[in-house]
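Chemist: Please work out how this folds:
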Amino acid sequence: MELCVGTGQRIGDVLEMRWSDIQDGAVFVRQNKTNKELWVPILPELQAALDVASRHSVFLLTNERGTNRWSYRGASQAVRKIRAAVGALDYDIHSWRYNAACELLEAGCGDDLIAAVTGQSPAMVSHSTKQVRQKIRAKEAQQKGTEQKRNV
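Modeler: Down below sits the predicted model:
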């Protein structure tokens, strides 16, 4: 999960990540779906997870034997089992990329900065962050209205 949220990448791209993709405090990603190449800085939370990860393979995420990359099916089943255990079946493995985009928006990043991390098109960034963007704007509008009343 930390790899998906921390890099803003699709689960399929995360499952392909290799230790050799990590260089100079960042991970290099070539997205499978779009073939985009991205250099994504590694945040402290992700670095902490990587620091304690075992390195049995060239891949960051491996199968149970540690001999090859973790399959999509295996990752999906493992995540579903945890989601069921904590009562979070409404939150699927694909939402993590949206979470990353929304967190960046809430931190004050514009669409171009969000796209630089996630590799999404401007239209997809806008779509992914639509609900959070509305909340931010509503808060901003209410705050401006409150300030206006104080100044009268």
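Chemist: Which positions within the helix or strand harbouring Leu50 qualify as buried?
Modeler: Using DSSP states H and E, Leu50 falls within helix 44-52. Judged by neighbour count (16 or more other CB atoms under 10 Å), helix 44-52 contains these buried residues: Leu46, Ala49, Leu50. Backbone N, C-alpha and C define where each C-beta goes, glycine included.
Chemist: any idea which of those residues is the one closest to Lys144?
Modeler: Distance to Lys144 across those (CB to CB) is lowest for Leu46, with 36.0 Å.
Chemist: What's the per-residue pLDDT of that closest one here?
Modeler: pLDDT for Leu46: 93.
Chemist: Can you tell me how far it is from Lys139?
Modeler: 29 Å (CB to CB, to the nearest Å).
Chemist: cool, and Val79?
Modeler: In this view, Val79 and Lys139 are 32 Å apart by CB to CB.
Chemist: can you check Pro41 too?
Modeler: 28 Å.
Chemist: ok, the two, which is more surrounded?
Modeler: Neighbour count, other CB atoms under 10 Å: between Pro41 and Lys139, Pro41 has more, with 13 against 10.
Chemist: Thanks a lot, catch you later.
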